[in-house]
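Trainee: Kindly return the folded structure for what I paste below:
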Amino acid sequence: MGILKSMPLRVLIPGLLYFLALYSCSMPEEKVSRPPNIVIIFTDDQGYEDVGVFGSELINTPNLDRLASEGVTLTSFYSAQAVCSASRAALLTGCYPNRVNVHGALGPHSSRGLHPNEVTMAEMLREQGYATGIFGKWHLGDHPDLLPLKQGFDEFFGIPYSNDMWPAHPWQGTVFNFPELPLIRDDSVLTFLEEQSSLTTQITEESVRFINDHADEPFFLYVPHPQPHVPLFVSEKFKGKSERGLYGDVIMEIDWSVGEIRKALENNGIDSNTLIIFTSDNGPWLSYGDHAGSAGPFREGKGTAFEGGHREPFIAWFPEKLPAGFSSDVPVMTIDMLPTIANLTGATLPDNTIDGLDVWPVLTGNSDESPHEAYYFYYHTNELHAVRSGDHKLYFPHRYRTLSGRPGGTGGLPADYDYVDLEELSLYDLKSDPGETKNIANENEEVVMKLTNLADKMRLELGDALTGQRGTGNRPPADVTWNQTDSLQ
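Mentor: As a prediction, the model looks like this:
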């Protein structure tokens, strides 16, 4: 200290500054905080009960069960429509499918698709500096101008439409002139699939590679598995492993895929800054029987507005951000994912009107109420079949398909549906009657009136083909003309 006291300040101060500079250079560099990574795993035609934690006793799903035990499950989570393309449009845009005019399941060489003016989740997040990749099934337009790279994704590996839209699919009693099924990377055809047993593994490997490539930057990974949509395919490593037959084998391989994706996040040290969402596009295709999933306690399945068509398994996992082992029965829908993720990442919502709302308070357990007054269930070309508010769900007269209590088909061939007219307003209390077995409309006139009024307001906005009401808020789909040079063939 004596030496320091005797040194003049003009000598002491530069020396101290040099020492501090050396010390600061030797300090470990702190990690700069960045927005969370987003991973959405979206299966095809998976039933509510096709995950162990959601009630399956015959299908082993350890990775999904672990994800649920460390994260959040929603037991009243809905797809926005009970069919492929429409459901995917809702997830990626935050809109009811009929708002963006994507209905049903788009076939090969469709002249329609998701309009390029619609802002997808990928476009929203890319504006935030995210790398964006989709590995799996697109099904929002297979024209070259409508493929994922034109809708905000940096990378695409997968198929442009459903895996049954190919010549080898065993449709019973019907002949479809489907083209070969192209496997695409970005916007070029790699090959035409002759069988699909390795596809789930390939999608998983591409997803892991994407994580490894972008571990140092925020990314959005979208994994829309083509399975367990019929026809079912599974790799040799899972064939014969399930007590639920081929269908169970397929779910076990999807569960393995979830585990591989999580392992890649952990290996890169980014798992604690990643939100994983797992759900499905619609309920099980019940006519396929032993090649279809289970809706559990719920009525009907894919292609209907009943609970079995829309109610899906849902798991969200985000360490330290979401409570471990938490479950909520508050209704939530796929339309809510985009605004929730926008809030979480600091992204700007689209200028176009969207229908979803931020449900982060529901996921965290900070709210036990839906931010929506009601959810609306459309099907076919803009037919409003039902509305849910609180615990009550009201159905309007419409035609629907059912097996009428008969079993579905076997060995990959479907049983025939009956087509039944629902001729009267039908109200169900989903809390006390989740299977929708007792129509309580006559005893609850006030509830019927409330839900009917809500439906009338939505009809003014989005229309209803059943009543002839035209909406004011529908936007046009893409409308493309196919030329020979456009063909993916």
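
Trainee: Could you use CA atoms for every contact and neighbour count after this?
Mentor: OK.

Trainee: what's the spacing between the biggest helix by length in the chain and its chain's center?
Mentor: Looking across the chain with DSSP state H, the single longest helix is helix 245-267. Chain-centre distance of helix 245-267: 16 Å, with Cα atoms, centre = their mean, to the nearest Å.

Trainee: Pull out the buried positions in it.
Mentor: Going by neighbour count (16 or more other Cα atoms under 10 Å), the buried part of helix 245-267 is 246-262, 264-265.

Trainee: Could you do stretch 414-428 as well?
Mentor: Residues of stretch 414-428 classed as buried: 414-415, 425-428 (neighbour count, 16+ other Cα under 10 Å).

Trainee: Please apply the same query to stretch 38-47.
Mentor: Buried-residue list, stretch 38-47, by 16+ other Cα under 10 Å: 38-47.

Trainee: Filter those down to just the ones in strands.
Mentor: Counted as lying in strands by DSSP state E, out of these, are 38-43.

Trainee: As CSV, the residues you listed with pLDDT and distance to residue 409 would be great.
Mentor: Compiled in CSV, these are given as follows (pLDDT from 0 to 100; distance: Cα to Cα, whole Å):
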residue, pLDDT, distance to residue 409
38, 98, 38
39, 99, 35
40, 99, 31
41, 99, 28
42, 98, 25
43, 98, 22
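
Trainee: Between those, which sits nearest residue 64?
Mentor: Nearest to residue 64 among those: residue 41, at 11.1 Å, using Cα to Cα.

Trainee: got the contact list for that closest one?
Mentor: 222-225, 258, 276-280 (Cα atoms under 8 Å, 6 or more residues apart in numbering).

Trainee: Find the pair from those with maximum spatial separation.
Mentor: Checking these with Cα to Cα, the most distant pair is 225 and 276, at 14.8 Å.

Trainee: just to revisit the earlier point, now for the longest helix of the chain, which elements pack on it?
Mentor: With contacts defined as 3 or more Cα pairs under 8 Å, 6 or more residues apart in numbering; DSSP states H and E, the packing partners of helix 245-267 are helix 62-69, helix 199-213.

Trainee: Quick one: mean pLDDT over it.
Mentor: Summarised as a single mean, pLDDT over helix 245-267 is 98.

Trainee: tell me the angle of that helix relative to strand 37-43?
Mentor: 180 degrees (axes from the mean of the first three to the mean of the last three Cα atoms, to 10 degrees).

Trainee: Extract the C-alpha set from helix 245-267 and format it as PDB.
Mentor: C-alpha atoms of helix 245-267 as PDB (Å, rounded to 0.1, in the frame of the first residue of the first chain):
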ATOM      1  CA  GLY A 245     -51.100 -53.800 -33.700                       C
ATOM      2  CA  LEU A 246     -49.700 -51.800 -36.600                       C
ATOM      3  CA  TYR A 247     -51.500 -48.700 -35.500                       C
ATOM      4  CA  GLY A 248     -49.800 -48.900 -32.100                       C
ATOM      5  CA  ASP A 249     -46.400 -49.600 -33.700                       C
ATOM      6  CA  VAL A 250     -46.800 -46.300 -35.700                       C
ATOM      7  CA  ILE A 251     -47.600 -44.300 -32.500                       C
ATOM      8  CA  MET A 252     -44.600 -45.800 -30.800                       C
ATOM      9  CA  GLU A 253     -42.400 -44.700 -33.600                       C
ATOM     10  CA  ILE A 254     -43.800 -41.200 -33.400                       C
ATOM     11  CA  ASP A 255     -43.100 -41.300 -29.700                       C
ATOM     12  CA  TRP A 256     -39.500 -42.300 -30.400                       C
ATOM     13  CA  SER A 257     -39.300 -39.300 -32.800                       C
ATOM     14  CA  VAL A 258     -40.400 -37.000 -30.000                       C
ATOM     15  CA  GLY A 259     -37.600 -38.400 -27.900                       C
ATOM     16  CA  GLU A 260     -35.000 -37.900 -30.600                       C
ATOM     17  CA  ILE A 261     -36.000 -34.300 -31.000                       C
ATOM     18  CA  ARG A 262     -35.800 -33.700 -27.300                       C
ATOM     19  CA  LYS A 263     -32.500 -35.400 -27.100                       C
ATOM     20  CA  ALA A 264     -31.100 -33.100 -29.800                       C
ATOM     21  CA  LEU A 265     -32.200 -30.100 -27.900                       C
ATOM     22  CA  GLU A 266     -30.500 -31.400 -24.700                       C
ATOM     23  CA  ASN A 267     -27.300 -32.300 -26.600                       C
END
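
Trainee: which strands and helices sit next to the helix or strand following it?
Mentor: Following helix 245-267 in sequence order, the next helix or strand is strand 274-280 (DSSP states H and E). Packing partners of strand 274-280 (3+ Cα pairs under 8 Å, 6+ apart): strand 37-43, strand 315-317.

Trainee: Could I get the ones you listed in TSV, plus columns for distance to residue 151?
Mentor: Output for the helices and strands packed on strand 274-280, formatted as TSV (distance: least, Cα to Cα, whole Å):
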stretch	distance to residue 151
strand 37-43	17
strand 315-317	25
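
Trainee: Out of these, the one nearest residue 211 is which?
Mentor: strand 37-43 (9.7 Å).

Trainee: Partner strands of that closest one, with direction?
Mentor: strand 219-223 (parallel), strand 274-280 (parallel) (DSSP bridges).

Trainee: tell me how far the helix or strand following the last one is from the chain's mean position?
Mentor: Read it as strand 274-280. For strand 274-280, the following helix or strand on the C-terminal side (DSSP H and E) is helix 307-310. Averaging C-alpha positions (Cα atoms, centre = their mean) puts helix 307-310 15 Å from its chain's average.

Trainee: list the buried ones in helix 307-310?
Mentor: Quick answer for helix 307-310 (16+ other Cα under 10 Å): 307-310.

Trainee: Identify the residues contacting it?
Mentor: For helix 307-310, the external contacting residues (Cα under 8 Å, 6+ apart) are 47-48, 78-82, 282-284, 295-296, 298-304, 434-435.

Trainee: what does the model give residue 487 for pLDDT?
Mentor: For residue 487, the model assigns a pLDDT of 62.

Trainee: Repeat that for residue 450.
Mentor: Taking residue 450 on its own, its pLDDT is 98.

Trainee: got a list of what residue 338 touches?
Mentor: If you count contacts by Cα under 8 Å, 6+ apart, residue 338 has them with 91-94, 121, 356.

Trainee: redo that, cut-off 6 Å
Mentor: Applying Cα atoms under 6 Å, 6 or more residues apart in numbering, we find residue 338 in contact with residue 94.
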